[in-house]
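Trainee: sequence plus the predicted model coming up.
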Amino acid sequence: QVQLVESGGGSVQAGGSLRLSCTASGRIFWNYRMGWFRQAPGKEREFVTAINWNGRMIDYADSVKGRFTISRDNSKNTVYLQMNSLKPEDAAVYYCATKTAGGDSRSAGEYDYWGQGTQVTVSS
């Protein structure tokens, strides 16, 4: 079992920044692919970004590319999501997730463990 706990959500004005953190506990974390997803009210959960175990393979949704940065610190069992130039359409509950095997990192169904989510609100 892996437990994931997100933190860092909050309310910001458009153009502002937030940094989300996701700390893992339980089984080995360092060799797992990590992803961030988000879900706005009335919408499906959507892929935001993913990072492989050594940080050399990173993928971003087009909607966040150039504004968001994912990183990880395996010594702290933590993955981060730096969000800059936030827009009202970025408002959602953000979830981190981990997958222990290969497959499509953009597909929520491929992930084995999920955090409880952290709310991000962006006002215009």
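Mentor: It's in. Residues are numbered from 1 along each chain as shown.
Trainee: show me what the residue nearest the centre of the chain is bridged to.
Mentor: Most central in the chain under Cα atoms, centre = their mean is residue 36, positioned 2.2 Å from the mean C-alpha point. Beta bridges link residue 36 to residue 49, residue 96, judged by DSSP bridges.
Trainee: just checking, it touches residue 50?
Mentor: Yes - between residue 36 and residue 50 there is a contact under Cβ atoms under 8 Å: 7.4 Å. Every residue, glycine included, has its C-beta placed from N, CA and C.
Trainee: mutual contacts of those two, please.
Mentor: Residues touching both residue 36 and residue 50 (Cβ atoms under 8 Å, 6 or more residues apart in numbering) are residue 70.
Trainee: in this protein, which segments are predicted with low confidence?
Mentor: Within the chain, no range satisfies pLDDT under 70.
Trainee: how about the helices of it, start to end?
Mentor: Read by DSSP state H, the chain holds no helices at all.
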